[in-house]
Each structure stands twice: as structure tokens, then as C-alpha cells.
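I would like to see how this sequence folds:
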Amino acid sequence: MKSRILKTLVIAITCTATIGLSACGSSGGSSESKKTTSSAKKIINVGIMNAPSGFNAIDSSDVAQNDMTQILFKPLVELDSSFKFVSSLADSIETTDNKTFTVKLNKKAKWTDGKPVTADDTMFTLALITNPKVSSTIASKFNILAGLNDAGKNTNGTDNFDGAKKVDDHTIQIITKDHVDKTVFEDLVGQYLKTVPKHILKDVPVDQVFKASFFQNPTVTDGPFKLVTYKKDQYVQMAANKDYFRGAPKLTQLNFKIMQGTEITVQLQSGEIDMNDPQIGLIPNDDVDKVKAMKNIKVEIDKVSSGVQTLQINVKSIPDAKVRRAISYAINRKQIIKNLLKGAGEEFIGAYAPSSQFFDKDIDYASYDPAKAKALLKEANWDSSKVLKFNVPVGNTAREQAANVIAQNLQDVGIKVQIQKYDFVTSLALGKKHQFDLYIVGLTSDPVNPDISAYIGTGQALDLSGYSNPELDALLQQGKTTVDKTKRTEIYNKVQEIYSTDSPSPGVYAPLGVGAVNKRVTYGSPKGIGMYVDIEKWDVSK
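Numbers count the residues shown, from 1 in each chain. All right, here's what the predicted structure looks like:
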């Protein structure tokens with residue numbers, strides 16, 4: 001089975017299938033808004049649980065933002081539901097030596113203001129991502145490129161570096177430090193290099209680019225849909241880009257409605273949303289049978305999880321690895337999967353899930369064992385009066401319930417916990433600042449690449465636990481630049497050993513996503529991976 005791993009976080013939802021934009025902020029919709037809806041419009045509304053933190057194409061802090069920008073700013077390639085990379089902005093990526101990758105951009109691509117998308121735009125985007133003054137969370141993925149340091153940054157004081165060269169207006173060459181498997185290149189560079197418009201952003205001071213209003217309201221994009229309105233914590237409305245280079249979308253409008261998980265079932269039944277996003281619009285497990293019984297809905301359950309819920313442990317407030325490992329031993333994951341997920345999930349403790357081709361079954365994982373947890377706490381002289389602050393984002397019912405189980409599990413072994421609930425954007429902001437002791441948060445799984453450096457690499461923006469281990473950093477870097485499968489397996493076995501011993505962010509569970517779609521949708525469906533790859537083809541019956 002394909003490899004799966006930890007990766008990134010969560011997003012946004014939609015509007016009514018029979019109402020106009022003015023109703024997007026509510027769960028129903030006023031009669032006035034219904035009157036304004038044109039019968040000629042083709043609209044799909046997607047339900048999700050968390051708001052995007054913005055629309056920054058060179059950031060990847062949360063799944064919602066990542067998916068929104070994938071629609072607005074096309075990456076070089078995209079991963080489809082069969083775990084294959086397909087062309088997006090790039091017509092082709094070729095290499096003869098696994099070091100020099102020639103990227104040919106689609107010559108028909110143009111920005112929504114009519115200007116062409118060129119190699120200059122892509123080179124400009126690379127310069128932003130790799131500039132030390134830009135705090136791009138995806139920069140570390142580019143550290144395989146020649147001329148960049150381990151953080152993926154260019155320190156030569158110019159915008160140019162040895163790993164990227166313009167060949168002509170629609171061709172660039174990207175050069176790696178060492179031999180890299182093409183799939184790894186596509187995974188790290190191809191799907192995260194989302195080109196942004198140079199002519200719009202070139203005058204913004206580099207150290208201010210993340211604060212640019214453009215990344216909260218991008219007015220010039222190149223994807224199949226363009227942003228119309230974003231009302232925080234309520235909805236994102238997009239309209240079709242009729243000049244999209246891979247063909248005009250069949251839909252007129254695409255909406256994402258942001259709601260509590262419990263509302264997803266209600267609005268699927270009422271038709272106010274047409275589908276959910278299995279990653280960030282989870283149907284409560286208690287409602288799955290109810291949704292399956294809806295006559296207007298088709299249901300599919302993912303065979304492979306596209307995400308994992310992890311328990312981030314702040315290594316500064318809990319510096320003893322024995323205590324962190326005790327916390328992992330205390331968690332009754334099987335209870336969570338059986339009672340909360342109704343069996344629709346997989347136990348996940350270490351760096352990789354048991355179904356991963358890189359999973360090492362011989363590692364001593366800290367699975368449920370309260371006696372071992374108590375013994376380790378005693379060895380560590382744990383102060384039983386200490387109260388750990390437990391950051392829990394709201395919206396995902398199963399995750400909130402799992403947090404309650406974890407809190408009780410910890411209480412049972414002598415660790416006091418205080419749950420603090422926040423909306424997702426706030427919880428993530430606190431997570432990035434390491435303002436928590438424990439933080440339960442979802443990360444996406446990668447089916448093709450076992451690299452997890454973005455989450456546990458020293459100084460990485462998404463290393464929420466604040467963990468640092470130079471030996472692990474070096475192993476992960478070697479893994480990215482090793483083509484030989486046997487050697488890669490040896491590297492990632494060692495990664496798992498260190499990760500399990502130090503337990504900076506043990507996994508809790510990997511849910512199997514449940515996708516539900518209204519039968520009026522004739523093309524397009526919920527998928528944990530590759531849901532938005534061919535979104536221009538989505539359609540509904542009249």
C-alpha cells in the first residue's frame with residue numbers, strides 16, 4: 001500500500017445549492033436571497049469546518065488555505081486520487097539524470113487580468129519562497145535544490161541561486177543538490193510551487209510580503225475559479241474563470257461554507273451543501289448511517305486515510321522525553337477508534353501509519369499501557385500538581401471528543417489537564433507560538449513521500465512542538481536525496497526509532513474520511529486526496 005505520513009492542516013465551507021451569495025453567511029437563506037438567484041447559474045457548495053487563515057500561495061500553514069490556493073494559483077503538478085502526479089501549470093517535467101529537471105509551463109496560461117503567466121513569474125515566486133526575509137512555511141521542501149541551505153533559503157544576497165534557471169519565457173530548469181527520485185521532486189517542489197503574479201507583487205518590500213493585502217484578497221490569479229468574497233468563519237465564494245487555460249469551468253460559482261461538524265449532516269439533508277470535504281468537513285461518525293439513508297445523497301468511505309490527528313507536546317514546557325513517552329503510553333487509541341470513530345480509523349502512534357510501506361513494525365511504539373506511563377512518570381519525578389494546558393480546536397466533533405478521552409486518560413495516570421478550546425485559526429496561531437503544553441491538531445498524510453521534516457525539522461514553521469534533533473534533521477535530509485529504496489528504508493527506520501524514543505508529537509488516530517455528495521452533482525466528488533485536481537470539470541444537472 002502507498003506510503004502515508006504527516007503533513008499540513010485545515011479549511012473552509014459553502015453556501016446553499018438553491019440560494020445566492022447573500023445567504024452564504026447563514027445556515028438557511030432568506031426568501032429575498034432566493035429571489036435573486038439566477039436559474040441559469042450552476043453552483044456547487046462544499047461544507048467544511050475551519051476557515052482558511054488566508055490565501056497565501058507561498059504558505060502552507062493549514063489545509064484550508066492550501067486547498068484554496070490550489071484552486072486559485074495552480075501548482076506545477078497535482079496529486080490525484082490514484083496517487084499519481086498530473087500536469088497543472090506545468091505541461092511537463094522531465095529529467096535524464098535525476099538532478100536537472102526541465103519544467104515547461106503551459107503557454108496558454110494567463111492571469112485573470114489578461115497578462116500571460118511566464119517563467120519570470122515562476123522564478124519570482126521561487127525567489128520569494130527562498131528569500132531569508134520571507135517566512136514561507138514551505139521553504140524547507142525546497143532545500144533539496146542547489147544553492148539553498150537546509151532551511152530552503154538562499155543566502156547569497158541576490159534573487160538568483162544555482163538551483164533555478166530561466167531557459168525561455170515558458171521553460172525553467174530546476175537543479176537539485178543530489179540525485180532525487182522524480183516522484184520526490186514532484187511531491188516537494190512540483191505541488192508546492194504555486195506561481196504568483198510578479199507584476200502585482202514585485203513592488204512589495206520582501207520583508208512585508210506576508211502582510212500584503214493581496215494574500216488576504218488575491219485579485220489576480222490563474223486558476224479555474226477566482227475569489228469573489230471571503231467572510232471570515234462563514235463562507236468563501238468563488239466565480240468561474242472563463243479564461244482558465246485548461247478549459248472554462250462548467251460551474252458558474254463555487255462556494256465553501258464554514259460550519260460546525262454537526263451542521264454538515266443537517267445541510268447535506270436540506271441541500272444547503274452539495275458535498276463535504278472528507279479532510280476538513282468531517283461527517284460526525286454517529287451520523288454516517290443517517291447520511292447513508294438520505295435519498296438525495298451518495299456516500300463513499302476512503303480506503304486510505306488522508307490525515308492524522310496528532311498530539312503536539314511542547315518540548316520546552318515538557319522537556320523530559322520520559323514524560324512525553326508516558327503521555328503517549330497513557331492514550332487509549334483503540335477506545336477512541338472503536339467508540340468515537342465507530343471503527344472507521346487506524347491507530348497511529350509514530351511517524352508513519354502501519355499501512356505505510358515505510359512502517360517499521362519492530363520499533364518499540366508507546367502504545368496504550370497505563371502501567372508503563374505511571375512508571376516513566378515516577379522515574380521522571382513528575383510533579384503531579386502541575387496542570388497542562390491542552391489546546392483543542394473546535395469544529396471537529398470527533399477530535400473534541402477524543403481530546404476529552406485523552407484528558408481522562410492522562411488524569412488516570414496522574415497528569416492534570418486543563419482543556420482550552422479555540423476556533424481553528426486561533427488555535428493554530430497559538431500553536432505556532434508554542435503557547436500550549438498539549439495541542440491536538442490534524443496534519444495531512446502524504447501517500448507518496450515519507451518526508452516529515454516540515455513537522456519535526458529544527459526551526460521549521462510547522463514544528464509546533466518546538467522539537468530539535470540534529471541527527472534526525474540529517475537523516476530526513478538524506479532520505480530526500482536518496483534514490484536507492486533499500487537505503488531509504490534504512491534511513492526512515494532510524495527516523496522512526498528516534499521519533500518514537502523522543503515522542504515530540506505522537507499520533508492519536510488516522511480517520512477514514514466519509515464523503516457525501518448530492519446526486520444532482522454529475523461530476524465531482526469528495527476525496528481525501530485529489531478532490532480539486534480537475535475541478536473545472538465539476539458539473540450539476542439542471
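
so what pLDDT did the nearest residue to S305 once chain neighbours are set aside get?
Nearest residue to S305, sequence neighbours excluded (C-beta to C-beta, 6 or more residues apart in numbering): A510, at 3.9 Å. C-beta: built from backbone N, CA, C; applies to glycine. Per-residue pLDDT puts A510 at 88.

mind listing what A510 touches?
A510 is in contact with 4, 305, 307-309, 345-348, 353, 445, counting by C-beta atoms under 8 Å, 6 or more residues apart in numbering.

of those, which is the most crowded?
Using other C-beta atoms under 10 Å as the neighbour criterion, R4 leads the contacts of A510 with 31 neighbours.

now the terminal residues of stretch 107-122, how far apart.
Across stretch 107-122, the terminal residues are separated by 13 Å (C-alpha to C-alpha, to the nearest Å).

which outside residues touch it?
74, 89, 91, 103, 105-106, 166-172, 193, 195-199, 219-222, 226, 241, 243, 245.

among those residues, which ones are buried?
In the contacts of stretch 107-122, burial by neighbour count holds for 74, 89, 91, 103, 105-106, 170-172, 193, 195-198, 220-222, 226, 241, 245, counting by 16 or more other C-beta atoms under 10 Å.

mind listing the strands for the stretch 201-350 of the chain?
225-231, 235-240, 253-258, 275-276, 297-301, 307-313, 345-347 (DSSP state E, counting those that start in this stretch).

show me what counts as buried in the first one.
The reference is to strand 225-231. For strand 225-231, a neighbour-count test (16+ other C-beta under 10 Å) marks 225-227, 230 as buried.

of all these, which comes closest to V189?
Within those, proximity to V189 (C-beta to C-beta) peaks at F225, which comes in at 24.3 Å.

contacting residues for that closest one?
Contacts of F225 by C-beta under 8 Å, 6+ apart are 71-72, 238-241, 249, 251, 254, 535.

please redo it, this time with the cut-off set to 7 Å
71, 238-241, 249, 254 (C-beta atoms under 7 Å, 6 or more residues apart in numbering).

is it bridged to anything, and to what?
Using DSSP bridges, the bridge partners assigned to F225 are A240.

that one and F73: what is the separation?
Between F225 and F73 the computed distance is 11 Å (C-beta to C-beta, to the nearest Å).

again with S505
Computed as C-beta to C-beta, the S505 to F73 distance reads 29 Å.

got it, and Q477?
The gap separating Q477 from F73 is 28 Å, by C-beta to C-beta.

so between the two, which is more surrounded?
Ranked by neighbour count (other C-beta under 10 Å), Q477 and F73 place F73 first, with 25 against 20.

ok, that one touching P224?
No. Taking contacts as C-beta atoms under 7 Å, F73 lies outside contact range of P224: 11.1 Å.

look up the closest residue to H179, ignoring the ones flanking it.
H179's closest residue in space is N98 (C-beta to C-beta, 6+ apart), at 4.4 Å.

helix, strand or coil for the one you found?
Recorded secondary structure, N98: coil (DSSP: H, G, I helix; E, B strand; the rest coil).

just give the number of residues close to it.
N98, neighbours per other C-beta under 10 Å, totals 16.

ok so the residue nearest to S305 is a strand residue?
Yes. Membership of A510 in a strand is supported by three-state DSSP.

so the residue nearest to H179 sits against T482, correct?
No. Judged on C-beta under 7 Å, N98 makes no contact with T482 at a distance of 11.2 Å.

name the residues contacting each of these two.
Between them, N98 and T482 share no contacting residue, judged by C-beta under 7 Å, 6+ apart.

hang on, the earlier thing: contacting residues for the residue nearest to H179?
Contact partners of N98, counting by C-beta under 7 Å, 6+ apart, are 179-182, 483.

quick one, phi psi at the residue lying closest to G163 once chain neighbours are set aside?
Excluding the flanking residues, the one nearest G163 by C-beta to C-beta, 6+ apart is L145, at 3.2 Å. Note on L145: its backbone torsions stand at phi -90, psi 140 [degrees, to the nearest 10].

how close does L145 get to F101?
Counting by C-beta to C-beta - L145 and F101 are separated by 10 Å.

spit out the residues that contact these two alike.
With C-beta under 7 Å, 6+ apart, L145 and F101 have common neighbours I174.

tell me, how many residues neighbour S60?
Neighbour tally, S60, other C-beta under 10 Å: 23.

also the one 10 residues further on?
Other residues near Q70 come to 21 when the count uses other C-beta under 10 Å.

let me see the contact set for it.
Contacts for Q70 (C-beta under 7 Å, 6+ apart) come out as 78, 532.

and if you look at R325?
Residues near R325 by C-beta under 7 Å, 6+ apart: 366, 376, 503.

does the first one touch S328 like I think?
Yes. The criterion here is C-beta under 7 Å, and A366 meets it with S328 at 3.7 Å.

so what's the nearest residue to H170 once chain neighbours are set aside bridging to?
In this structure, H170 finds its nearest non-sequential neighbour in L105, 4.5 Å apart by C-beta to C-beta, 6+ apart. Under the criterion DSSP bridges, L105 forms beta bridges with A90.

can you give me the distance of L105 to V540?
Look at L105 and V540: by C-beta to C-beta, they are 32 Å apart.

same check, this time on L430
Distance, L430 to V540, using C-beta to C-beta: 40 Å.

assumed Q411 was part of a helix.
Yes. The assignment for Q411 is a helix, going by three-state DSSP.

what about the nearest residue to it once chain neighbours are set aside, neighbour count?
Using C-beta to C-beta, 6+ apart and skipping the chain neighbours, the partner closest in space to Q411 is V417 (6.6 Å). V417 has 20 neighbouring residues, counting by other C-beta under 10 Å.

am I right that V417 falls within a helix?
No. Counting by three-state DSSP, V417 is not found in a helix; it is strand.

against I491, how distant is it?
In this structure, V417 and I491 are 36 Å apart, going by C-beta to C-beta.

likewise for I280?
Note on I280: its distance to I491, by C-beta to C-beta, is 32 Å.

which one's more surrounded, these two?
A count of neighbours by other C-beta under 10 Å puts I280 above the other of I280 and I491, at 31 against 20.

that one and M49 touch, don't they?
Yes. Using C-beta under 7 Å, I280 is in contact with M49, at 5.6 Å.

can you list the weak-confidence ranges in the stretch 251-400 of the chain?
Counting by pLDDT under 70, the stretch 251-400 of the chain contains low-confidence residues at 306.

for it, which segments count as helices?
Taking DSSP state H, counting those that start in this stretch to define them, one finds helices in the stretch 251-400 of the chain at 261-270, 288-292, 321-330, 333-335, 370-379, 397-413.

show me what counts as buried in the last one.
Buried residues in helix 397-413, counting neighbours by 16+ other C-beta under 10 Å, are found at 397-403, 405-407, 409-410, 413.
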